[in-house]
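[1] model this:
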Amino acid sequence: MPRRPGGGEPPADSVEAALRHVVVGTGPTAQKLVQDQSPGVLALMRRTGTPPHWSAEHKAAALLELLHELIAKIDNPRWKAAAQAAFRLPPEHYQGPEFDSIAGRWRGLARTDSGTDDTTDESIDKYRGHWTTAAARLADAFEQQFAALCQSGGWARFDKPDPHSPPSALPISFDRTDVLYRFQGQRGLQSLSYRWLTAHGDVDHYEAVGWYYNEPESPVDIVPLANCTLDGPLAELPQGGRSGRLKFSRRLRAGEKYFFAYTIYFNSQLRCRPTILYEVRGLSMRALTVRAQFDPAARPRMCWYFDVGVQVEGSRTPDPTAPEVLEVAPNGYTDHEFQSCERGRKYGLRWIWDEEDRPLDRGGGDPRHG
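    Numbers count the residues shown, from 1 in each chain. Predicted coordinates for the structure are as follows:
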């Protein structure tokens, strides 16, 4: 795409014009990129050399991830801060309607810099200028990285097996999470989550995520159970699954504790991949209990717990006498508690239903959520 010749406004179909456009308002999302009809964004989406079988949502999510990586590499701290605010990064710094405009996010930066709530149009204009410079530098870096990715087939590193989740770094940590998965035969039916959290800033909701890995388009339902309500319709995630905003009964302040509960119905008739994978999406999680209620008529022959920091998604089948192997009761129930879980890591259970069903069989589904 052409860059601006000798200064002035960038061409309408340039990368820089696309960057300036998508940050307006609430900030860029994969859905916004797919739906945007501005010349720059249309040109950007047409030009991206991702594999042809990728959906538009998958391509948009990869573009955003690449841009986030490039923003993290900006050397000048003021340009970097302005770019992060434009892209609403990190998410926990920009929670609430006051940040649903780019000017509001720059006002937040100005407050942080000055240490006071008294901000002026001049201080906001300062960050607008930093963003103008950062957008031009970011467009240059994108052009260079884009060429390298297309030549080397490097887009493959953005082809993730799991859906791209919505922003996960709300200003909360979980004191305890208790989640129960229910099965009928070899089909996942439902998960029930009970959560106790501590707020570390103003927050009034949680973004719950659910998907059934063998059927990404499965119309999962996210249903509040206690002390929360569903705020608006469920949103489709770029690579399958859905997210739902669970509104709390009040806005929490830093230090407040809160309990809420919800359930996810997987709504799929397909066999479940023999894995439960739970991603920690708070800032931290002190304790996580994962429970499984298998159908007694389809009780696993062997079941074990895993942490992806120790095993690669539980793919190594342990020795039957290993300490991670769990007892499954005659009624089909088992559980395991994980301690001091880290944000972004995944924990769960894996099992073998019969002699032919090896753990590495990827033909089934995988009930996951966060």
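
[2] hmm, who's touching whichever strand or helix holds Thr289?
    According to DSSP states H and E, Thr289 maps onto strand 284-293. Contacting residues not belonging to strand 284-293 are listed as 173-183, 276, 278, 280, 303, 305, 332-343, 347-349 [Cβ atoms under 8 Å, 6 or more residues apart in numbering]. Where C-beta positions appear, they are placed from N, C-alpha and C, glycine not excepted.

[3] next helix or strand past that strand?
    Beyond strand 284-293 on the C-terminal side, the first helix or strand identified by DSSP H and E is strand 302-307.

[4] and the angle from that following strand to strand 284-293?
    Orientation check (axes from the mean of the first three to the mean of the last three Cα atoms, to 10 degrees): strand 302-307 against strand 284-293 gives 170 degrees.

[5] Let me see the mean pLDDT of strand 302-307.
    Mean pLDDT, computed over strand 302-307, is 91.

[6] With stretch 61-80 instead?
    86.

[7] With only the CA atoms kept, save that stretch in PDB.
    C-alpha atoms of stretch 61-80 as PDB (Å, rounded to 0.1, in the frame of the first residue of the first chain):
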ATOM      1  CA  ALA A  61      -7.600 -11.900  14.800                       C
ATOM      2  CA  ALA A  62      -4.100 -12.700  13.300                       C
ATOM      3  CA  LEU A  63      -3.700  -9.100  12.100                       C
ATOM      4  CA  LEU A  64      -4.500  -7.700  15.500                       C
ATOM      5  CA  GLU A  65      -2.100 -10.100  17.200                       C
ATOM      6  CA  LEU A  66       0.700  -9.000  14.900                       C
ATOM      7  CA  LEU A  67      -0.100  -5.300  15.600                       C
ATOM      8  CA  HIS A  68       0.000  -6.000  19.300                       C
ATOM      9  CA  GLU A  69       3.400  -7.600  19.000                       C
ATOM     10  CA  LEU A  70       4.700  -4.600  17.000                       C
ATOM     11  CA  ILE A  71       3.300  -2.100  19.500                       C
ATOM     12  CA  ALA A  72       5.200  -3.900  22.300                       C
ATOM     13  CA  LYS A  73       8.400  -3.300  20.300                       C
ATOM     14  CA  ILE A  74       8.100   0.500  20.000                       C
ATOM     15  CA  ASP A  75      11.100   2.000  21.600                       C
ATOM     16  CA  ASN A  76       9.900   5.600  22.400                       C
ATOM     17  CA  PRO A  77       7.900   5.300  25.700                       C
ATOM     18  CA  ARG A  78       5.400   8.100  24.800                       C
ATOM     19  CA  TRP A  79       4.700   6.800  21.300                       C
ATOM     20  CA  LYS A  80       4.300   3.300  22.800                       C
END
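
[8] buried ones in it?
    Neighbour-count burial for stretch 61-80 flags 61-64, 66-67, 70-71, 74, 78-80 (criterion: 16 or more other Cβ atoms under 10 Å).

[9] Restricted to helices, list these.
    In this view, the buried residues of stretch 61-80 that belong to helices under DSSP state H are 61-64, 66-67, 70-71, 78-80.

[10] With respect to Ala141, which of the residues you listed is nearest?
    Taking Cβ to Cβ as the measure, Ala141 lies nearest Leu70 of these, at 4.8 Å.

[11] close enough to count as contact, that closest one and Asp140?
    No - Leu70 lies out of contact with Asp140 (Cβ atoms under 8 Å); the separation is 9.7 Å.

[12] So in this structure, which helix runs the longest?
    From DSSP H, the single longest helix across the chain is helix 121-152.

[13] Using the record's domain definitions, break the chain down for me.
    15-158, 172-369 (automatic domain parsing).

[14] got the ones you listed as CSV, with distance to Glu9 columns?
    Formatted as CSV, the domains of the chain follow (distance: least, Cβ to Cβ, whole Å):
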stretch, distance to Glu9
domain 15-158, 8
domain 172-369, 31
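
[15] Where among those domains is average confidence lowest?
    For the domains of the chain, where the average pLDDT is lowest is domain 15-158, sitting at a mean of 79.

[16] quick revisit: okay, now the sheet partners of the helix or strand that the longest helix of the chain is followed by, with direction.
    For helix 121-152, the succeeding helix or strand toward the C-terminus, using DSSP H and E, is strand 172-184. In the sheet containing strand 172-184, its partner strands are strand 187-199 (antiparallel), strand 284-293 (parallel), by DSSP bridges.
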